[in-house]
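Asker: Quick one, structure for this:
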Amino acid sequence: MNKNLVRKSTLLLGAALVLGSAADWGIGKVEATAAVPGSVSGSIPVTASAAVSVAAAGSVSGVKSTYEDQVPRIIQNASPSVVGIIGKTAQGVSYQEDRYNLAHGTGVIWTADGWIVTNAHVVDGLTELTVVTSDGKSYRVREVYSDTKSDIALIKINAKSLKPAKFAKTAQTSQVGERVVAIGTPISFSLRNSATVGVVSGLNRSVDGSYRLIQTDTAINPGNSGGPLVNMKGEVIGINSMKFAAIGVENMGFSIPVETVRYVAEYLLEYGEVPRPTLGLELEESWSAIVGLPSDDPLMVTQVLSDAAWKAGIREGDVLYAIDGKRVYSVVDINEILKSFLPGQKINLLMQSDGDIVNRRLTLGWDAYDGILADEEEADQ
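Answerer: Numbering: from 1, shown residues only. Have a look, this model is predicted:
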């Protein structure tokens with residue numbers, strides 16, 4: 001397995017982590033908000049924030065507030081484009097146990113003819129997947145394309161005349177403090193199309209993922225994964241993916257920006273996979289970058305993994321400053337830049353080698369890496 005573009009640290013990178021058992025960040029754990037295992041019948045306790053009914057915000061001098069006017073309308077317009085996804089997990093020793101051994105999440109209608117975007121960790125490992133639309137109709141899932149590095153998946157149902165969601169062109173025009181709505185299937189499958197309201201808490205966050213994320217204080221509970229984060233224009237700016245979960249930590253959810261969703265979904269729809277390029281290098285981030293401090297420190301080459309990188313003159317101990325004129329400080333920076341390239345294309349690397357600043361012309365390889373630890377064996381101990 002090709003271990004390219006990974007950090008040699010105790011932090012976990014990649015969407016595979018998002019699905020896993022959470023990473024210890026000192027202040028809490030990162031949890032996937034995806035599939036909720038267990039029975040879908042009976043009483044399941046749900047906190048008040050899991051399903052929010054939007055209350056009137058009141059009026060000032062007899063004038064109805066913008067909040068009161070917009071949010072119900074946005075939820076009403078967006079909800080027909082949101083679906084619940086449920087399937088069987090691998091456990092279960094008897095039919096009686098297996099019939100309730102289910103897990104669920106959320107999806108967003110991508111095309112009118114039945115393509116739905118969701119999180120990879122919602123559908124990976126599940127069988128007999130079923131989609132339930134907002135009008136109560138159920139459909140068996142016929143095709144699944146999953147990209148665990150981005151945590152994005154596309155699933156297909158046999159349906160026509162569905163209402164595709166309105167996806168924003170970019171999430172970068174969003175502002176911190178801007179009001180947003182999350183719609184999903186929290187805790188219980190019977191709570192489909194529940195809505196919660198909050199704000200954008202931060203942009204371009206680098207948190208346990210291969211790409212940058214949107215931070216929001218909108219309540220995102222288990223089962224919300226794969227659902228939309230919608231702005232006040234009614235546009236989907238992100239796909240909800242995970243949250244911090246710990247005692248004393250509240251309302252720290254994260255969404256995959258629409259740019260990454262488009263990048264992955266369009267390739268999955270056309271090719272069934274993402275032709276993701278790689279530098280063919282194992283890189284180590286600086287201590288400052290790992291802990292999130294402001295830093296101008298470059299990345300160090302700890303291993304040359306491809307013949308193309310070796311032929312370009314790159315060696316262990318070299319330092320990487322920029323790719324095609326853009327400074328890079330972390331693996332996430334590199335992954336974001338490489339979204340604009342394909343395997344086989346050539347790029348320029350600004351590096352330091354033996355004390356000299358040099359330019360290396362590198363042919364990008366094909367990234368077969370799917371999110372592993374840089375020091376996998378050490379981390380397992």
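Asker: rest of the way, CA atoms for contacts and neighbours
Answerer: Will do.
Asker: show me what contacts residue 323?
Answerer: Residues near residue 323 by Cα atoms under 8 Å, 6 or more residues apart in numbering: 334, 337, 347, 348, 349, 350.
Asker: Switch these over to a markdown table; also include distance to residue 307.
Answerer: Shown next, in a markdown table, are these (distance: Cα to Cα, whole Å):
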| residue | distance to residue 307 |
| --- | --- |
| 334 | 20 |
| 337 | 22 |
| 347 | 15 |
| 348 | 16 |
| 349 | 16 |
| 350 | 19 |
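Asker: ChimeraX command for the buried members of those residues?
Answerer: Of the contacts of residue 323, the buried ones go into a single ChimeraX selection, burial set by 16 or more other Cα atoms under 10 Å:
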select :334,347,349,350
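Asker: Can you flag which of the contacts of residue 323 belong to strands?
Answerer: 347, 348, 349, 350 (DSSP state E).
Asker: Now do the first one against residue 277, distance only.
Answerer: Same thing as residue 347. Separation of residue 347 from residue 277 (Cα to Cα, to the nearest Å): 11 Å.
Asker: swap in residue 310?
Answerer: Taken as Cα to Cα, the span from residue 310 to residue 277 is 16 Å.
Asker: neighbour-wise, which of these two wins?
Answerer: residue 277 (21 against 15; other Cα atoms under 10 Å).
Asker: Hmm, residue 256 is touching residue 240, no?
Answerer: Yes: using Cα atoms under 8 Å, residue 256 is in contact with residue 240, at 6.3 Å.
Asker: Give me the more crowded residue out of these two.
Answerer: Neighbours were counted for residue 256 and for residue 240 using other Cα under 10 Å; residue 240 has more, 34 against 28.
Asker: Tell me the spatial nearest neighbour of that one, not counting adjacent residues.
Answerer: Spatial nearest neighbour of residue 240, excluding adjacent residues (Cα to Cα, 6 or more residues apart in numbering): residue 255 at 4.1 Å.
Asker: Please apply the same query to residue 201.
Answerer: According to Cα to Cα, 6+ apart, the nearest residue to residue 201 is residue 216 (4.6 Å).
Asker: Return the distance of residue 327 relative to residue 135.
Answerer: 48 Å.
Asker: out of the two, which sits in the busier spot?
Answerer: residue 327 (17 against 9).
Asker: Excluding sequence neighbours, find me the nearest residue to that one.
Answerer: Spatial nearest neighbour of residue 327, chain neighbours left out: residue 321 (5.8 Å); criterion: Cα to Cα, 6+ apart.
Asker: can you pull the contacts of that neighbour?
Answerer: The neighbours of residue 321, taking Cα under 8 Å, 6+ apart as the test, are 298, 299, 327, 328, 329, 349, 350, 351, 352.
Asker: got those residues as TSV, with distance to residue 158 and pLDDT columns?
Answerer: Converted to TSV, the contacts of residue 321 look like this (distance: Cα to Cα, whole Å; pLDDT from 0 to 100):
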residue	distance to residue 158	pLDDT
298	49	92
299	47	94
327	45	95
328	44	94
329	45	91
349	46	97
350	49	97
351	51	96
352	54	95
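Asker: okay if I get these as TSV plus distance to residue 209?
Answerer: Shown next, in TSV, are those (distance: Cα to Cα, whole Å):
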residue	distance to residue 209
298	20
299	18
327	20
328	16
329	15
349	23
350	25
351	25
352	27
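Asker: Tell me the one among those residues nearest to residue 291.
Answerer: Nearest to residue 291 among the contacts of residue 321, counting by Cα to Cα, is residue 329 at 12.3 Å.
Asker: since we're on the closest one, how many residues are nearby?
Answerer: 22.
Asker: just residue 179 next, same as before
Answerer: Residue 179: 20 neighbours (other Cα under 10 Å).
Asker: measure it to residue 156 for me?
Answerer: If you go by Cα to Cα, the gap between residue 179 and residue 156 works out to 31 Å.
Asker: Ok, residue 230 next?
Answerer: Taken as Cα to Cα, the span from residue 230 to residue 156 is 23 Å.
Asker: Look at the two and report which has more neighbours.
Answerer: residue 230 (25 against 22).
Asker: pLDDT below threshold where in the stretch 51-200 of the chain?
Answerer: 51-68, 91-100 (pLDDT under 70).
Asker: For it, which segments count as helices?
Answerer: Per DSSP state H, counting those that start in this stretch, the stretch 51-200 of the chain carries helices over the ranges 66-78, 95-98, 120-123.
Asker: tell me what the longest one is packed against?
Answerer: Think helix 66-78. Where contact means 3 or more Cα pairs under 8 Å, 6 or more residues apart in numbering; DSSP states H and E, helix 66-78 is packed against strand 179-184.
Asker: now the angle between helix 66-78 and the strand it packs on, please.
Answerer: Relative orientation of strand 179-184 versus helix 66-78 (axes from the mean of the first three to the mean of the last three Cα atoms, to 10 degrees): 30 degrees.
Asker: rewinding a little: of the contacts of residue 323, just say which sits nearest to residue 112.
Answerer: For the contacts of residue 323, the nearest to residue 112 is residue 337 (31.1 Å; Cα to Cα).
Asker: per-residue pLDDT, the residue nearest to residue 240?
Answerer: On pLDDT, residue 255 comes in at 94.
Asker: number of nearby residues for it?
Answerer: Residue 255 has 26 neighbouring residues, counting by other Cα under 10 Å.
Asker: Which element, helix or strand, includes it?
Answerer: Residue 255 is part of strand 253-257 when elements are defined by DSSP states H and E.
Asker: same thing with residue 352?
Answerer: strand 346-353.
Asker: Contact partners for residue 155?
Answerer: Residue 155 sits next to 115, 116, 117, 118, 141, 142, 143, 144, 145 when contact means Cα under 8 Å, 6+ apart.
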